[in-house]
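>>> 3D, please:
(2 chains)
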Amino acid sequence: MSDPTHLSLAEARDALVAKKLSATELTKAHIEAIEKARALNAFLTETPELALEAARDSDARIARGEARPLEGLPLGIKDLYCTKGVRTTAASRILDDFTPTYESTVSANLWRDGALMLGKLNLDEFAMGSSNETSAFGPVVSPWRRKKGDGFDDAKIVPGGSSGGSSAAVAARLALGATATDTGGSIRQPAAFTGTVGIKPTYGRCSRWGIVAFASSLDQAGPITRTVRDAAIMLRSMAGHDPKDTTSVDAPVPDYEAAIGASVKGRRIGIPKEYRIGGGAEIDALWDQGVAWLRDAGAEIVEISLPHTRFALPAYYIIAPAEASSNLARYDGVRYGLREKGRDIADMYEKTRAKGFGAEVRRRVMIGAYVLSHGYYDAYYVRAQKIRSLIKRDFDEAFAAGVDAVLTPATPSTAFAQGEKGAADPVEMYLNDIFTVTVNMAGLPGIAVPGGLGADGLPLGLQLIGRPFDEATLFSLAAALESAAPKIEFPQPWWTEAK
Amino acid sequence: MTAAVSPNPAKLIKGATGDWEVVVGMEIHAQVTSKAKLFSGASAEYGGEPNDHVSLVDAAMPGMLPVINEECVKQAIRTGLGLQAQINLRSVFDRKNYFYPDLPQGYQISQYKHPIVGEGEVIVDVTPTERITVGIERLHLEQDAGKSIHDLSATESHVDLNRSGVALMEIVSKPDIRSAEEARAYVSKLRTILRYIGSCDGNMEQGSLRADVNVSVRKPGAPFGTRCEIKNVNSIRFIGQAVEVEARRQIGILEDGGVIAQETRLFDPGKGETRSMRSKEEAHDYRYFPDPDLLPLEFDQAYVDALKVELPELPDEKRARFVADYGLPPYDAGVLVAERASADFFEEAAKGRDAKLVANWVINELFGRLNKEGLDITRSPVSAQAIGAIVDLISTSVISGKIGKDLFEIVWQEGGDPREIVETRGLKQVTDTGAIEKAIDEIIAANPDKVAQAKAKPTMLGWFVGQVMKATGGKANPQAVNDLLKSRLGV
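From the prediction side, this is the model:
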């Protein structure tokens, strides 16, 4: 068989069950790819022995005819998910060599269904960032490069963030799929930047238990994969009610894969005029192209208004830091992780947190503490929550008017190079989330699907936003876009190191 | 709020410049009786080796989430019902943010703007003749913190998280209390209610019940003065002392022309003083906001009603019933219902008997003796049946009241059935007039001088009664002795 890393997750699954390939072969191929791809810095921890052990178990199960839904499929896990016995860092120095004694519910669900872990994936520190440059363990390099003449530019392109390790690993074929998390766009923006598919499900669809918290009311787990079908397969295993997370919802998880290829004829697609905010001619053209693809597939296109969109980003950058400032208070050097000696307890806290947290995390903790402080709470936090309600109401009204999903661009541009954005003004970086934060604020499902390549040769993505808990419709619409759009050819491994 | 009502002059404190009124409001922290903690499955039991009762949630490990313990919610609702309070069908958990080593999350989960229980009231008997009503502002659920231990090492502090996350009810009173005595009586009554409901064991030594006491003083009729909060007072006696001492301190400052600084203070029972902990300026900014890990706490009225039906009879209802059904004086009834176990004991003993007599025996003999020995009613060596039997023996004149006390002592010391003891030890009262007459005749014959004195001075009769009782070993019926003596001596 040719290189098994070139299979999609669904193809690999079928090949394993048909015994055309063994889980061990599949896993070994990925382990080799990972070892050769260290220049990308996608993995923070590699767990080849654990992966091979699990692969042998999967092969035995397949031999016995007891294959589970994801049997023997090697995945990468964002290092925000706590993994039992495997160091978990959140890409921060403050966790030091923290090794959980427990497994996050979502990763445990994947292992329950037979998947196996290749290692832990790099990310922006505590998932705070849009380029993977805030990781304490160095940035992730995208496998994609800008076109330059007939060749490529030398500039290192970012894979997006915060799930940059996940998007880069999947785009570079280092894993069949990866888990990711999305608080303001951290699944969809990296997916868009790397030509992959990423879905942030409805808030409450996946358990947050065992995932290091960034902003609790916005965080959701989801997959990044190379095809829409693969995302549907992974999400079905990841999702589900968890009594340990009271914000998770007790609702049946449908067979999302069954939605792939379903007709989208007669589906009403809303096009929000407020999203035409100068992302650039290229993005607007892609968006128009997306509209045309869905119309050709039989969907009905309607213009809608989401009037509070322009307040979403500032409100998000109040709510998310507020929650983060409180969620990150537990990293105090007392019970686990880094501890710096101090004169007294306050000095120990200050030294530990100053050394343990990077600049972006410190900035957000300070913003969060500020907006919650006495005298500012009403002016910032309370108003931001009101805006959040209005944003949600905008969507509710659109859905009530019969819209099945909303189509927007996923990002304002193609990926940028390391160091190009946010150095002088962090808001420049925050603007990356402009199309995605509204979805988190409203708690809705959103999926990023590749739409093609920009003039610079880098991927561009479209975003579909759905009704609460109607991920199935998103998958069928995303599959329609995927089949209409030019097929993404993932980069050849220019990054390979001689072993 | 009560500025318009003229204060009770007996409550005022005399100062150099005239009378002062003390105004007290209290925040009581009551540990909820439940097996598990408020948001984790770890044991909420008192004691254990340090860090024995700690779950991943209590230790605030990364990615851990709180899940509300429904039993704690029920306890809060039951307590709210016992305080005649508004039960809020929707309440919200907030985070109170501050750093401390025994606070693993870096925030306490509490209820700030929307507590589970709103306004209510507690009726408090301060003395046999004085009853007050103390308003309840609110009751909310929150997590307890762990414990920092500083004396195990010269260079390090240790942290014990066994208490971390245990459920507390914070019960906030209105500033309706006007003396140290009222403060003590209020806490006692609140404790009684909690123990009746079974929502808090009320054990102040183990810290299950502790009070933050807000004290201010003012000239009668003046607006409220600036208050100081005395933190964590852990006995009813100390609460009274703290109010007294703090009121005097504030009066001293005001009479010297000073002003009271709003601050948090600590009561030092050893020195009998309060001292400053932190000023208002140093107060933390707790950055409260709704906990995004927890949905608002919502239930319907039917849920509350079901809990209400299951509530036991509460002390005020029981007291009213004791007055109405047993004809007890209200204060006696109040004493009996102060503990559910005492009330049950009394009712058991009073079954089919003269309830007033039983009440006297329970309150005077039994409670007196239990207090002396420092025993709880549940550990009384004399059972309700035994008290009932003793009362029966007295009321049927089998024994005298005096012998009854001796009998009580025998049962206390040795146990046994009072009726059998009376039989076997020959304690029966002698009502046979023949035997009494014989004894009288002998005494009269032996004391002719006393007989003469008695005729002149009828109070001498007592001496003869004493002699007869002595001769009959105390078993003679005192009434019969009296009557016979009177007729024989002609007095």
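>>> what segments of the stretch 301-450 of chain B are strands?
Using DSSP state E, counting those that start in this stretch, no strands are assigned anywhere in the stretch 301-450 of chain B.
>>> find the closest residue to chain A in it.
B:Tyr303 (17.3 Å; Cβ to the nearest Cβ). All C-beta spots, glycine's among them, are computed from the backbone N, C-alpha and C.
>>> now do the contacts for that residue.
Contacts for B:Tyr303 (Cβ atoms under 8 Å, 6 or more residues apart in numbering or on different chains) come out as B:Ile77.
>>> what's the distance between it and B:Gln84?
Per Cβ to Cβ, to the nearest Å, B:Tyr303 is found 18 Å from B:Gln84.
>>> do the same with A:Arg188
Distance from A:Arg188 to B:Gln84, by Cβ to Cβ: 54 Å.
>>> neighbour count: those two, which is higher?
A:Arg188 (36 against 16; other Cβ atoms under 10 Å in any protein chain shown).
>>> give the buried residues for stretch A:146-160.
Applying a neighbour-count criterion of 16 or more other Cβ atoms under 10 Å in any protein chain shown, one finds A:Arg146, A:Lys156, A:Ile157, A:Val158, A:Pro159, A:Gly160 buried in stretch A:146-160.
>>> could I get the contacting residues of the residue of the stretch 351-499 of chain A found nearest chain B?
In the stretch 351-499 of chain A, the residue that lies nearest chain B is A:Leu372 (3.8 Å; Cβ to the nearest Cβ). For A:Leu372, the contacting residues are A:Ala322, A:Ser325, A:Ser326, A:Tyr380, A:Tyr381, B:Asn97, B:Arg287, B:Tyr288, B:Phe289, by Cβ under 8 Å, 6+ apart.
>>> so, low pLDDT: which residues of the chain?
Using chain A. For chain A, the stretches with pLDDT under 70 are A:1, A:278-279, A:497-499.
>>> can you look at chain B instead?
Looking at chain B by pLDDT under 70, you get B:1-5, B:430-432.
>>> can you tell me the SS state at B:Val124?
strand (DSSP: H, G, I helix; E, B strand; the rest coil).
>>> residues contacting it?
Counted by Cβ under 8 Å, 6+ apart, B:Val124 has contacts B:Arg131, B:Ile132, B:Thr133, B:Val134, B:Glu182, B:Ala185, B:Tyr186, B:Lys189.
>>> of those residues, which belong to strands?
B:Arg131, B:Ile132, B:Thr133, B:Val134 (DSSP state E).
>>> possible to save those residues as JSON lines with distance to A:Thr105?
Listed next are the ones in strands among the contacts of B:Val124 as JSON lines, based on distance: Cβ to Cβ, whole Å:
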{"residue": "B:Arg131", "distance to A:Thr105": "56"}
{"residue": "B:Ile132", "distance to A:Thr105": "53"}
{"residue": "B:Thr133", "distance to A:Thr105": "50"}
{"residue": "B:Val134", "distance to A:Thr105": "47"}
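>>> most centrally placed residue in the chain?
Picked chain A for this. For chain A, the residue nearest the mean C-alpha position is A:Ile187 (2.0 Å; Cα atoms, centre = their mean).
>>> to clarify, I was referring to chain B.
Residue closest to the mean C-alpha point of chain B, counted by Cα atoms, centre = their mean, is B:Ser188 at 3.6 Å.
>>> re earlier: hmm, A:Ala231 and the residue nearest to the centre of chain A touching each other?
No - judged on Cβ atoms under 8 Å, A:Ile187 makes no contact with A:Ala231 at a distance of 9.8 Å.
>>> can you pull the residues that touch both of these two?
Counting by Cβ under 8 Å, 6+ apart, the residues touching both A:Ile187 and A:Ala231 are A:Gly198, A:Ile199, A:Gly222, A:Pro223, A:Ile224.
>>> just give me the neighbour total for the residue of the stretch 201-350 of chain A at minimum distance from chain B.
Relative to chain B, the nearest point of the stretch 201-350 of chain A is A:Ala329 (2.3 Å; Cβ to the nearest Cβ). Using other Cβ under 10 Å, A:Ala329 has 24 neighbouring residues.
>>> also B:Glu205?
8.
>>> what comes up buried for stretch A:13-25?
For stretch A:13-25, by 16+ other Cβ under 10 Å, it's A:Arg13, A:Ala15, A:Leu16, A:Leu21, A:Ser22, A:Ala23, A:Thr24, A:Glu25.
>>> what parts of the stretch 101-250 of chain B come near chain A?
For the stretch 101-250 of chain B, the residues in contact with chain A (Cβ under 8 Å from any Cβ of the partner chain) are B:Pro101, B:Pro104, B:Gln105, B:Gly106, B:Tyr107, B:Ser157, B:Val159.
>>> I'd assumed A:Val334 was in contact with the fourth one.
No - because the distance of 9.6 Å does not satisfy Cβ under 8 Å, B:Gly106 is recorded as not touching A:Val334.
>>> now the strands for the stretch 1-150 of chain A?
A:43-46, A:74-78, A:116-121, A:147-148.
>>> for chain B, which of the ones you listed is the nearest?
Evaluated with Cβ to the nearest Cβ, the strands of the stretch 1-150 of chain A place strand A:74-78 nearest to chain B, the distance being 12.1 Å.
>>> quick one: strands adjacent to that closest one?
Strand A:74-78 sits in its sheet next to strand A:116-121 (parallel), strand A:177-182 (parallel), going by DSSP bridges.
>>> list the contacts of stretch B:75-91.
Here stretch B:75-91 has contacts from B:30, B:32-34, B:111, B:114-122, B:136, B:139-141, B:167, B:169, B:171, B:193-194, B:196-200, B:296-301, B:303-304, B:307-308, B:311, B:314, using Cβ under 8 Å, 6+ apart.
>>> what's the local residue count around the closest residue to chain B within the stretch 1-150 of chain A?
Nearest residue of the stretch 1-150 of chain A to chain B, counting by Cβ to the nearest Cβ: A:Cys82, 4.9 Å away. Close neighbours of A:Cys82, defined as other Cβ under 10 Å, add up to 28.
>>> can you tell me how far the closest residue in space to it that isn't next to it in sequence sits from A:Ile77?
Nearest residue to A:Cys82, sequence neighbours excluded (Cβ to Cβ, 6 or more residues apart in numbering or on different chains): A:Pro100, at 3.9 Å. Noted for A:Pro100: a distance of 12 Å to A:Ile77, by Cβ to Cβ.
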